[in-house]
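Engineer: based on what follows, work out the 3D shape:
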Amino acid sequence: MGEKTTTTVALDYSFLRMDGSIIHLYGLPGQDRLSFMRDILVPGALGVMLLLDGSRETIYDDAHAWLRSLTTLDASLTFAIGVTKTDIGGQVSLNELRKIAAHYAKSAPILSVDAREEDSIKQLLRILVAIRGL
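Structural biologist: So this is what the prediction gives:
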């Protein structure tokens, strides 16, 4: 019981009007069996907004796995990393996550976000756009 019964089968897509621009957003499924979608979407991406679940005991392993997987496809990717559920999880160290991210990207800002709050996600997206100089 408690197992997830639905999943993103391919990808999620949306666009956002922000600061006078239209930004196209693609959401990748997290399951390894659907990792082939990364091969399709990552090439040509302007950046990655990576959301990590701060309530998972495996958050540091998750960060390594995602960053390794994505930088294997494109070593020049720009990242902005948001950590969700920091209010309900264990003690997540953003500094530890920064050390992990430094192995994969020259700059990867990391902050706590509430994925349910539009302004919180827009802040992370603005950071990503600023890094890219767009």
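Engineer: now do the SS call for the residue nearest to the spatial centre of the chain.
Structural biologist: By Cα atoms, centre = their mean, the chain has its centre lying nearest to Leu50, at 0.7 Å. Put simply, Leu50 is strand when judged by DSSP: H, G, I helix; E, B strand; the rest coil.
Engineer: does it touch Phe79 like I think?
Structural biologist: Yes. Between Leu50 and Phe79 a contact is recorded at 5.8 Å, counting by Cβ atoms under 8 Å. Using the backbone N, CA and C atoms, a C-beta is placed for each residue, glycine as well.
Engineer: what residues do these two have in common as contacts?
Structural biologist: Common contacts of Leu50 and Phe79 (Cβ atoms under 8 Å, 6 or more residues apart in numbering): 67, 70.
Engineer: sorry, back to before: nearest residue to the residue nearest to the centre of the chain in space, please, no chain neighbours.
Structural biologist: Leaving aside its chain neighbours, Leu50 sits nearest to Ile81 (4.8 Å; criterion: Cβ to Cβ, 6 or more residues apart in numbering).
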